[in-house]
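Student: no FASTA, just this:
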């Protein structure tokens, strides 16, 4: 048997009809099956974390399965928590100095597990160390994989910014 991958496009007229027939479907059509809480230690009111080259930032994610998701379905799925970091406004020129490795993850960036219960919070944490100046965006996502190879990716509701603005004394 051949397994096919792709996207299904449902015309809005058909979608309205489906929602009209099944009212509970409307609230879940674009609702994440997990609650994702991403944190890198920003204090209340802070918009970004400022560090120097060589410093690290500890990142943490907590994931909880939503109440409306049947646990017998989720228990058959793999749940991967993964961190992501990207340099803001990086150049696309591959010979450019800014495209060299700008940060290093210290620890695992991915944790794969199964959701055994709705009450359990799945946690993961890691550190990222910055070796170049610049502004970086860090976030987390949850990849939910089915038994037969399908996968959904859900991103944390927000990403946070780290500004690496100068090198430590004696390294310039």
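Tutor: Now that the structure is in, tell me what you want to look at. Values in this document were obtained by computation on a predicted structure and should not be read as measured data.
Student: hey, where'd the helices end up in this structure?
Tutor: For the chain, applying DSSP state H gives helices covering 12-21, 23-26, 71-74.
Student: beta partners of residue 38?
Tutor: For residue 38, the beta-bridge partners are residue 61 (DSSP bridges).
Student: you'd agree it is up against residue 160?
Tutor: Yes: assessed by Cβ atoms under 8 Å, residue 38 is found in contact with residue 160 at 7.3 Å. Just so you know, the C-beta spots here come from the backbone N, C-alpha and C atoms, and that holds for glycine as well.
Student: overlap of the contact sets of these two?
Tutor: residue 139 (Cβ atoms under 8 Å, 6 or more residues apart in numbering).
Student: still on that earlier bit, lowest-confidence stretch among the helices of the chain?
Tutor: Least confident of these, judged by mean pLDDT, is helix 23-26 with a mean of 63.
Student: can you pull out the strands in the chain?
Tutor: Secondary structure of the chain (DSSP state E): strands located at 34-39, 48-51, 56-65, 78-87, 103-106, 110-114, 121-130, 134-145, 151-155, 160-164.
Student: chain center to the fourth one, what's the gap?
Tutor: Taking Cα atoms, centre = their mean, to the nearest Å, one finds strand 78-87 lying 5 Å from the centre of the chain it belongs to.
Student: got the angle between it and strand 121-130?
Tutor: Going by axes from the mean of the first three to the mean of the last three Cα atoms, to 10 degrees, strand 78-87 is angled at 20 degrees with respect to strand 121-130.
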